[in-house]
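Q: Pasting the sequence and the predicted coordinates here, then a few questions.
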Amino acid sequence: MGEPPSARHASITSPAILTRREWSDGLPDEPERLLGAVLHRRYPVLACAGARVFVATDPVEVVTGRAVWDALGRIPLDGGGPGDGWWMGLLSYDLGTAIEMLPTPRPDPGGPPRAFLARYETVTEYSAAGVRVLSVDPAFAPERPPAAPPGTTPAADAASPAWSTSLAPREYVQRVDAIRDLIRAGDCYQVNLTQRLVADAPGDAFAFAERLWRAARRPPLRAYLGLDEGTLVSASPERLVRVRDGVVESEPIKGTIAAGRFDQLAASAKDRAEHVMIVDLVRNDLGRLAPAGTVSVPRLMAPLHTGYVDHMVSTVRGAVAPGATAADLIWALFPGGSVTGCPKVRAMEVIHDLEPVNRGPAFGSVLVATPDGELDASILIRTAWLTGDESRYWCGGAVTWDSEPRAEHAEAMAKAAPFLEAIGA
């Protein structure tokens, strides 16, 4: 996986922040406002599982590098959950090189760890039932959180900041043509091509997150993770996998069009074929974990409206194999087929050859595993990585034989709309 054998597996002993007790006058009614109040704590996180949003800080255990596989192996899928707390963290795209025989990833100066998982013993949960504080620590002492900031978001700099891309329009088009040549030769069938946008650092990462989430219409799998190396902010609408009550589901997105034009997307032979290829790939991946005969597709090419683009999304479902763990699940599905192409391994080789910079956290996953047995992992599309020097954002799309190169570039830029709005461009 690229980390040294001494990869960190450290315990965090900083004092806890929240309690099991609810404060009718102390907890804000929006998770974003609570997050804004606890950013000074260690490894603050906002992440989603199903219809629930969790906010936490000060994990009691942190693992990176190869140790993440041991941590994932401690999370059962067939009943109950990790009884030692809530596991939340980042699996970057290049973690996939540990699963298949792939070229060594490019260096990623300024990027995040390849994998980071943290175990939180206490979280605040936001759901339709209200707000509550949960803990697995029976000795947890009350402590009122600091006052939440006002619910306003500072505007981006009025002057449009400069941004650059890893692939100029001409270069993007050339690479689409190169992929089409490979497809014509029978080398592969579909490859997801991506460019990285870079702008100046936004200054306040939390204010940037609020702007990105607002621009993306507060997506259901949004996430925030403050790390030593930088901050992950995701406005993803896509789910890699969810496990609940013995059922595992993946929800691949494939096919994009301007908002309000889904009927045209659904009628496109090119987009339907592109979508079905990925559904078949995910069915095959899920079949590596689920018992034979349990994999089905209960929803095919349904609409997903984000407000700035429309997508097609399907649901691929299977049963959880007895004794399976989160490590087995990630090994079977990661990275998601919708952000690689097919065949998956060959598509990832082509991605390595044609994309000039590392994907970093993009197209990886933010994973949440709860003590009550739910696991939810996003696909990190619409995702930014922020450091003190710059902000990075990735956007692209699937290339097939029927792709029109300039239209593919236009689609990639349409997916950049939330980021460009968030930076004021």
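A: Ah, there it is. Numbers count the residues shown, from 1 in each chain.
Q: What are the phi and psi values at Ser127?
A: Backbone dihedrals for Ser127, given as degrees, to the nearest 10, come out at phi -150, psi -180.
Q: Please report the distance of it from Pro44.
A: From Ser127 across to Pro44, the span is 20 Å (Cβ to Cβ, to the nearest Å). Glycine gets a C-beta too; all of them are placed from N, C-alpha and C.
Q: More neighbours: the two, which one.
A: Pro44 (23 against 13; other Cβ atoms under 10 Å).
Q: Please tell me the pLDDT value assigned to that one.
A: Per-residue pLDDT puts Pro44 at 98.
Q: and if you look at Pro154?
A: Confidence score, pLDDT, at Pro154: 56.
Q: same check, this time on Ile183
A: pLDDT, Ile183: 98.
Q: Against Gly255, how distant is it?
A: Plainly put, Ile183 is 18 Å away from Gly255 if you go by Cβ to Cβ.
Q: between these two, who's got more neighbours?
A: Between Ile183 and Gly255, counted using other Cβ under 10 Å, the more crowded position is Gly255 (27 against 20).
Q: Correct me if wrong: that one contacts His275.
A: Yes - between Gly255 and His275 there is a contact under Cβ atoms under 8 Å: 5.0 Å.
Q: quick one: common contacting residues for these two?
A: Residues within reach of Gly255 and of His275 at once, by Cβ atoms under 8 Å, 6 or more residues apart in numbering, are Met301, Met312.
Q: Quick check: phi and psi on the closest residue to Ser296 other than its chain neighbours?
A: With sequence-adjacent residues excluded and distances taken as Cβ to Cβ, 6 or more residues apart in numbering, Ser296 is closest to Arg317, at 5.4 Å. Main-chain dihedrals, Arg317, degrees, to the nearest 10: phi -130, psi 150.
Q: Could you point out the longest helix of this protein?
A: Taking DSSP state H as the criterion, the chain has its longest helix at helix 269-287.
Q: and that helix, which residues are buried?
A: For helix 269-287, the neighbour count (16 or more other Cβ atoms under 10 Å) marks 271-279, 281-287 as buried.
Q: three-state assignment of Leu212?
A: Recorded secondary structure, Leu212: helix (DSSP: H, G, I helix; E, B strand; the rest coil).
Q: Look at it and report its pLDDT.
A: With respect to pLDDT, Leu212 scores 98.
Q: Kindly report the same for the one 10 residues further on.
A: Confidence per residue is given as pLDDT, and for Arg222 that number is 98.
Q: Pick out the residue nearest the middle of the protein.
A: In the chain, the residue lying closest to the centroid (Cα atoms, centre = their mean) is Leu380, at 2.6 Å.
Q: distance of that one from Asp78?
A: 27 Å.
Q: for Ala398, same thing?
A: Distance, Ala398 to Asp78, using Cβ to Cβ: 33 Å.
Q: neighbour-wise, which of the two wins?
A: More crowded of Ala398 and Asp78, by other Cβ under 10 Å: Ala398, with 27 against 14.
Q: Specify the beta-bridge partners of the more buried one.
A: Counting by DSSP bridges, Ala398 is bridged to Asn192.
Q: Run through the residues that contact it.
A: By Cβ under 8 Å, 6+ apart, the residues touching Ala398 are Gln190, Val191, Asn192, Leu193, Lys254, Glu274, Ile278, Ser338, Gly341.
Q: Let's see that with 10 Å instead.
A: By Cβ atoms under 10 Å, 6 or more residues apart in numbering, the contact list for Ala398 reads 179, 190-193, 254-256, 271, 274-275, 277-278, 337-342, 347, 408, 411.
Q: surely Tyr93 meets Thr194?
A: Yes - Tyr93 lies in contact with Thr194 (Cβ atoms under 10 Å); the separation is 9.5 Å.
Q: Those two: who's more crowded?
A: Between Tyr93 and Thr194, counting by other Cβ under 10 Å, Tyr93 is the more crowded of the two (27 against 24).
Q: Pull the number of nearby residues for the nearest residue to Tyr308 once chain neighbours are set aside.
A: Nearest residue to Tyr308 in three dimensions, chain neighbours excluded: Ala417, at 4.7 Å (Cβ to Cβ, 6+ apart). Per other Cβ under 10 Å, the neighbour tally for Ala417 reads 19.
Q: cool, and the one 4 residues further on?
A: Other residues lying near Glu421 total 16 when counted by other Cβ under 10 Å.
Q: so what's it closest to, chain neighbours aside?
A: Ala215 (4.0 Å).
Q: ok, now how distant is the one you found from Tyr126?
A: According to Cβ to Cβ, Ala215 and Tyr126 sit 21 Å apart.
Q: Show me which of these two is the more surrounded one.
A: Tyr126 (23 against 19).
Q: just to revisit the earlier point, alpha carbons of the longest helix of the chain, as PDB, please.
A: Taking Å, rounded to 0.1, in the frame of the first residue of the first chain, the C-alpha atoms of helix 269-287 are listed here in PDB:
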ATOM      1  CA  ALA A 269     -28.600   4.800 -26.000                       C
ATOM      2  CA  LYS A 270     -25.000   5.800 -25.200                       C
ATOM      3  CA  ASP A 271     -25.700   6.700 -21.600                       C
ATOM      4  CA  ARG A 272     -27.900   3.700 -21.000                       C
ATOM      5  CA  ALA A 273     -25.200   1.400 -22.300                       C
ATOM      6  CA  GLU A 274     -22.600   3.200 -20.200                       C
ATOM      7  CA  HIS A 275     -24.700   2.800 -17.100                       C
ATOM      8  CA  VAL A 276     -25.500  -0.900 -17.600                       C
ATOM      9  CA  MET A 277     -21.800  -1.700 -18.000                       C
ATOM     10  CA  ILE A 278     -21.100  -0.300 -14.600                       C
ATOM     11  CA  VAL A 279     -24.100  -2.000 -13.000                       C
ATOM     12  CA  ASP A 280     -22.800  -5.300 -14.400                       C
ATOM     13  CA  LEU A 281     -19.400  -4.600 -13.000                       C
ATOM     14  CA  VAL A 282     -20.800  -3.800  -9.500                       C
ATOM     15  CA  ARG A 283     -22.900  -7.000  -9.600                       C
ATOM     16  CA  ASN A 284     -19.800  -8.900 -10.300                       C
ATOM     17  CA  ASP A 285     -17.900  -7.200  -7.500                       C
ATOM     18  CA  LEU A 286     -20.700  -7.700  -5.000                       C
ATOM     19  CA  GLY A 287     -20.900 -11.300  -6.100                       C
END
